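**Student:** The sequence and its predicted three-dimensional model are supplied below.
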Amino acid sequence: VQLQASGGGLVQTGGSLRLSCAASGLTFSRFDMGWFRQAPGKERDLVARISASGDSTFYDRSVKGRFTISRDNAKSTVYLQMNSLKPEDTGVYYCAGDGPPYGVSWDAWGQGTQVTVSS
């Protein structure tokens, strides 16, 4: 199983980035997918989650209204569109997959991509 995250970078406050996570070695359409953020010196926190079918999403309150998670099951890829970025959005972003039974544990992790928002 491999999750390859990409799309991070340096952006100014108010800017946008789109993260991508390409999956291989798993039946992608059966996995809920999530994006986590780990800020320097802090724990890794879930910021967005999307169901296997794509019809249900969850957002942490800190990103709701600014970030959008989506997926393309035909391409085995999950995306995170990040708009109106703030310095507090800085961190390493990881994608992860949760296969059935759902909600027990995150079964697969990507390597992380750095997002830095300058003030």
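**Tutor:** Perfect, thanks for sending it.
**Student:** can we go C-alpha only for contacts and neighbour counts from here?
**Tutor:** OK.
**Student:** which residue is nearest the middle of this protein?
**Tutor:** For the chain, the residue nearest the mean C-alpha position is Trp35 (2.3 Å; C-alpha atoms, centre = their mean).
**Student:** Would you mind listing the residues in contact with that residue?
**Tutor:** If you count contacts by C-alpha atoms under 8 Å, 6 or more residues apart in numbering, Trp35 has them with 46-49, 80, 93-96.
**Student:** Most neighbours of all the residues you listed, which one?
**Tutor:** Highest neighbour count within the contacts of Trp35, by other C-alpha atoms under 10 Å: Cys95, with 31 neighbours.
**Student:** So the closest residue to that residue other than its chain neighbours versus Ile69, what's the distance?
**Tutor:** With C-alpha to C-alpha, 6 or more residues apart in numbering as the criterion, Cys95 has its nearest non-adjacent residue at 4.5 Å, and that residue is Trp35. Here the criterion is C-alpha to C-alpha, to the nearest Å. By it, Trp35 lies 8 Å from Ile69.
**Student:** anything in contact with each of the two?
**Tutor:** Overlap between the neighbourhoods of Trp35 and Ile69 consists of 48-49, 80, taking contacts as C-alpha under 8 Å, 6+ apart.
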